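S.K.: no FASTA, just this:
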């Protein structure tokens, strides 16, 4: 099956640090990738849709200047949490699907971000 | 997007008992997908239902899509400890590419 790799799996850093998370589709091309955020024991909340070669589409309430998304190739999207604060601590998960809509999404392993 | 409501939030069963989680939408869904997330893990795709009234089985798991395509259910027969995890239903967003996840049902199975 399709494989999505997400790195790093865990980050612990000081408040004010910027953190970059990478999401790669290993065996298929993903024009579109998605970034979700998940708080403990809660559902996945879509943050943004990452489009290869164009600007990301952010969900309402998500600060685009805070969560920078770059999708420079068909296999890589990055999420940068800028000037992270403790309230940004969460589980961030990316997913990718093949080019057709309504296709199953394949998730990365997630990144657990802890801001001290 | 098209919001999906999921119940119950938690379910604790003895091994061997059955389990069901329900998903409802106020609008018609073009399709619904089900995912399982083990504790500490990431969501894993289980199945997609597209047709009205569709029923699909995967071993002890039975998935149903309502006639009106507004509700769905996942039923597990004779649960095992390996079934532990959170089960999410997800409907398509307004764009058709992203997913709107239900809140999930966390299943705990004790031996």
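M.R.: Great, that's in hand. Quick caveat, the model's predicted, so the values are computed rather than measured. Numbering: from 1, shown residues only, chains lettered A, B, ... in the order given.

S.K.: Buried residues, the helix or strand bottoming out on mean pLDDT in chain B. List them.
M.R.: Within chain B, no helix or strand scores below strand B:99-101, which has a mean of 89 by mean pLDDT, DSSP states H and E. Buried residues in strand B:99-101, counted by 16 or more other CB atoms under 10 Å in any protein chain shown: B:99, B:100, B:101. C-beta: built from backbone N, CA, C; applies to glycine.

S.K.: and what of stretch B:17-34?
M.R.: For stretch B:17-34, the neighbour count (16+ other CB under 10 Å) marks B:19, B:21, B:22, B:23, B:24, B:25, B:29, B:31, B:32, B:33, B:34 as buried.

S.K.: For the fourth one, which residues are in contact?
M.R.: Residues counted as contacts of residue B:23 (CB atoms under 8 Å, 6 or more residues apart in numbering or on different chains) are B:4, B:5, B:6, B:32, B:71, B:72, B:73, B:74, B:89, B:102.

S.K.: Swap in 6 Å and give it another go.
M.R.: B:4, B:6, B:72, B:89, B:102 (CB atoms under 6 Å, 6 or more residues apart in numbering or on different chains).

S.K.: In PyMOL, how would I select just the buried ones from those residues?
M.R.: To isolate the buried members of the contacts of residue B:23 in PyMOL, using 16+ other CB under 10 Å:
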select buried, chain B and resi 4+6+72+89+102
